[in-house]
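**Student:** turn this into a structure:
(chains A and B, ligands or ions: 3)
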Amino acid sequence: MPHRHCRDVPVLAVAPAGPEGLANGLWRLELENPGFTGVKPGQFAMLRPPAWGFDPLWARPLSISRALDDRIVFHFLVAGRGTAAFTRLAPGEPVTVWGPLGQGFAVEPGAPTLLVGGGIGIAPFVEYAATHPTPGKLALLFGHRPPRSCYPYDELGAMIAVESFQDKTPEDIPRFVELLEKRIAEHAGGLVLACGPTPLLRSVKNLADKHGVRAQVSLENRMACGVGACLGCVAENPEGHRVQTCVKGPVFWADKVTL
Amino acid sequence: MDLRVDLGGLTLKNPVMTASGTFGYGLEFAPYGDLRSLGGIVVKGLSLKPREGNPVPRLAETPSGMLNAIGLQNCGAERFLKSMLPGLPWRETPVVANLYACDTLEFAELAGLLASAEGVAALEVNISCPNVQAGGVLFGQDPALAARVTEAVKARAGSKPVMVKLSPNVTDIVAVAKAVEGAGADAISLINTLTGMAVDVRTRKPRLANVVGGLSGPAIKPVALRCVWQVSRAVSIPVVGMGGISSATDALEFILVGAGAVQVGTANFLRPDFSFRLAEELPLAAQALGITDLSTFRGSLAVG
Ligand SMILES: Cc1cc2nc3c(=O)[nH]c(=O)nc-3n(C[C@H](O)[C@H](O)[C@H](O)COP(=O)(O)OP(=O)(O)OC[C@H]3O[C@@H](n4cnc5c(N)ncnc54)[C@H](O)[C@@H]3O)c2cc1C
Ligand SMILES: Cc1cc2nc3c(=O)[nH]c(=O)nc-3n(C[C@H](O)[C@H](O)[C@H](O)COP(=O)(O)O)c2cc1C
Ligand code: FES
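**Tutor:** Ligands and ions are numbered 1, 2, ... in the order given. A predicted model of the protein is given here:
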C-alpha cells in the first residue's frame, strides 16, 4: 500500500481549464506533491486550505488526475462553496492535503479495457492511461456537456483511443446510452471502468451486467474525513451493509454496490 | 512540563484524547501520526451487536460546525475486541471503549464484555447520543435513569474506571452529573453533540435523512465550556472536556475551566494529524503563556 501523508503544500497553479473553462466552471489545480508515491489511478486526496478557518469546515475530495514526482494535478468542476474557493487560491498559498486515499481502478494488462468518463469523471483516467502497462488495450468513451476543451480529453487522446459524445439537451442522453451499450458489448471478456454522475454509473452497471462484462464504478459520496472514521460517506452493498466509500471505494466492483 | 493526568484511576501521559466517533477505531489514523503520542484513544461507540446506523445523508456542514446522524453504526463489541484492539498500541496509550446500549441490562452485559479485555483501559458510557431511537439521549436526560445505567455498568466493569458521557441537551446538566457521580462514576466526559437540524429551501427537504442530528465543531465550544465549568465545580470526580476544540488554546480554555483532560472530535476531520499535532503543541502553548504546571492552572479561572 502506498504510504499516506498529511502535509501543507503550496499551490503551483490554478487556472480555468481551456479557453472555455471559466464560463463552464471547469478548472485545473496543481499542487506540490506532498510525498505521494505509488498512487493507484482512481485514488483521491482530501484538500483543505488552512485559510478557510472553520468555514467551510470539511476538506473536499478530488480525484488525483496526475501524480508526478514534483506535482499532483486535479481537474475540478465548481459545484459549490468549497470548489469555488479553490478557484481563488493563489500560487504559493498552502493547502492541507491528505492521501492517496481509497481503492483505485483495476489494472489488467491483458484485458481490453473501456474507460467511461462522464464530465469531470474523466479526471482519474488521465493517470490511468499514463501509467497503464498496455495502453494499446485502452479506449475511452467520454460523455460531456460543456465543450471538450474544458477537460483533459486531448491529453488522453495523445495516449489512448478516445471517443466523445456531447449531449446538448437531455433528449441526447438515450443516444449516448445506446453508444455506451454498443461499446460495452464490444468489451465482453474485458473490463469497463466508469467515473461520473450516478445515473451514468447505474447505466454502466446495468449494461455491464446485461452483457456479462466485469465493471467497476467510482462513487462520489459526500465525505468529511476521507479516512474511514466519520461513517458519513457510506454506500450500501447488496447484502444491505453500509460501507465507507472513502476506504472501501471510491472504486467498487459494480456488482458489489447498490446504486 | 509534567503532562500526566489521572482520571479516576485512568492515567494518561498527556491530556489529549480523541473523541468517540471521530477517530474511527484508531488505526485509521495511524498513517498520520504516532498513536502512542496521544494521551488516550476513545474508539467509536460500540454496541453488543453490529449496527448499520441511519440512512444517508447522515452528515451536513453548518457554519463552523457539522451535523451528524450516523446512528451509531459500528462493528459490534466482539469484532472490535477480536480484530481491531490487538492492532492498537494499548500498552503505551490507553484505549477507552465507548459503549451504547438500549437498556440497562444490555449496558451491563456490554460493560462486562469490554471491561474483561486486557487492552481496554476504561469505559466511556454514552448516555447522550441524540441519533438513536431507543435509549440514547433519554438516559442522559433523566438523572435517575443516568444513575441506574452508571450503577449497572460500574457493577460489571471490575477494576476498570467508568467515565460517563453527558449530553448538553438538558436544562440542568449539573443534576445529571451529580447523579452519575453518586452512582459511582469515576469520571465524567462532556459534551456530546447538541440536537440540531439543517434544511434546504430549494428542495424543501431536511439535509439529513434522519431530519435531526447532533451538532459538533467550533460552533458548540461556548456551550461546551459552560457545561465543563458548571460540572467541574459541582462534582469531585475528574471531568474530561470536549466540544469544538480546534487549537491548543481551545484545549487550554477547557483545562482553565476545570477539565482534567480534553477530547478532540470534529477537528480530526479538518486534518487527520490534528490530535497528534495538538499533543505536541499543548505544552508549548502552555509554556508560551507562562504556565509551568498544568495541575495548578487547571480550574484556575478567576471569576468575579
Ligand atoms: C472520491 C471523490 C473524488 C472526486 N473527484 C472529483 C474531481 O476530480 N473533480 C471534481 O470536480 N469533483 C470531484 N468530486 C466531487 C467534489 O468533491 C465535490 O464537487 C465537492 O466536494 C463539492 O464541494 P463544494 O464545496 O464545491 O460544494 P458544496 O457547497 O459543499 O455543495 C454544493 C453542491 O455540490 C454537490 N456536492 C457536494 N459534495 C459533493 C460530492 N462529494 N460529490 C458530488 N457532488 C457534491 C451537491 O449537489 C451540493 O448540493 C469527487 C468526490 C469524491 C467523493
Ligand atoms: C461523526 C460523529 C460521530 C460521533 N459518534 C459518537 C459515538 O459513537 N459515541 C459518542 O459518545 N459520541 C460520538 N460523537 C460525539 C463526539 O465524541 C463529541 O462528543 C462531539 O462531537 C463534540 O466534540 P467536537 O465538537 O470536538 O466534535 C460523534 C461525533 C461525530 C461528529
Ligand atoms: S469520509 Fe469519513 S468515513 Fe468516509
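**Student:** need the contact list for A:Gly228.
**Tutor:** A:Gln244, A:Cys246, A:Val247, B:Gly24, B:Glu28 (Cβ atoms under 8 Å, 6 or more residues apart in numbering or on different chains). (C-beta placed from N, C-alpha, C; glycine too.)
**Student:** which of the helices or strands spans it?
**Tutor:** A:Gly228 belongs to no helix or strand when assigned by DSSP states H and E.
**Student:** excluding covalently adjacent residues, which one is nearest to it?
**Tutor:** A:Val247 (3.8 Å; Cβ to Cβ, 6 or more residues apart in numbering or on different chains).
**Student:** show the contacting residues for the closest residue in space to A:Leu26 that isn't next to it in sequence.
**Tutor:** Nearest non-adjacent residue to A:Leu26, counting by Cβ to Cβ, 6+ apart: A:Cys150, 4.0 Å away. If you count contacts by Cβ under 8 Å, 6+ apart, A:Cys150 has them with A:Ala17, A:Gly18, A:Glu20, A:Gly21, A:Asn24, A:Leu26, A:His144.
**Student:** low-scoring pLDDT stretches of the stretch 51-200 of chain B, where are they?
**Tutor:** For the stretch 51-200 of chain B, the stretches flagged by pLDDT under 70 are B:129-137.
**Student:** quick one: the strands in it?
**Tutor:** Applying DSSP state E, counting those that start in this stretch to the stretch 51-200 of chain B gives strands spanning B:59-62, B:65-68, B:95-99, B:120-126, B:162-165, B:187-190, B:194-197, B:199-200.
**Student:** tell me the residues of chain A that contact chain B?
**Tutor:** Residues of chain A lying close to chain B by Cβ under 8 Å from any Cβ of the partner chain are A:3-6, A:48, A:54-59, A:96, A:98, A:221-222, A:224-232, A:234, A:240-242, A:247.
**Student:** now, of the residues you listed, which are buried?
**Tutor:** A:4-6, A:48, A:54, A:56-59, A:96, A:98, A:221-222, A:224-232, A:234, A:242, A:247 (16 or more other Cβ atoms under 10 Å in any protein chain shown).
**Student:** in strands, which of the residues you listed fall?
**Tutor:** Using DSSP state E, the subset of those located in strands is A:His5, A:Cys6, A:Arg48, A:Thr96, A:Trp98, A:Val234, A:Arg242.
**Student:** next up, the contacts around B:Lys205.
**Tutor:** B:Val199.
**Student:** and it, how far from ligand 2?
**Tutor:** 21 Å (Cβ to the nearest ligand atom, to the nearest Å).
**Student:** cool, B:Ser159 as well?
**Tutor:** Distance from B:Ser159 to ligand 2, counting by Cβ to the nearest ligand atom: 23 Å.
**Student:** repeat for B:Asp172
**Tutor:** 19 Å.
**Student:** so how many other residues sit close to that residue?
**Tutor:** Neighbour count for B:Asp172, taken as other Cβ atoms under 10 Å in any protein chain shown: 10.
**Student:** I'd guessed B:Ala69 sits against B:Ala209; true?
**Tutor:** Yes: at 7.1 Å, B:Ala69 and B:Ala209 qualify as touching, with contact defined as Cβ atoms under 8 Å.
**Student:** those two: who's more crowded?
**Tutor:** B:Ala69 (27 against 14).
**Student:** give me the phi and psi for that one.
**Tutor:** For B:Ala69, the backbone dihedrals (degrees, to the nearest 10) come out as phi -140, psi 60.
**Student:** list the contacts of it.
**Tutor:** B:Asn54, B:Arg58, B:Leu59, B:Asn131, B:Leu208, B:Ala209, B:Asn210, B:Val212, B:Gly213, B:Gly214.
**Student:** distance to ligand 2 for the residues you listed - can I get that in CSV?
**Tutor:** Output for the contacts of B:Ala69, formatted as CSV (distance: Cβ to the nearest ligand atom, whole Å):
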residue, distance to ligand 2
B:Asn54, 11
B:Arg58, 8
B:Leu59, 7
B:Asn131, 8
B:Leu208, 12
B:Ala209, 14
B:Asn210, 13
B:Val212, 14
B:Gly213, 9
B:Gly214, 6
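**Student:** all set, thanks.
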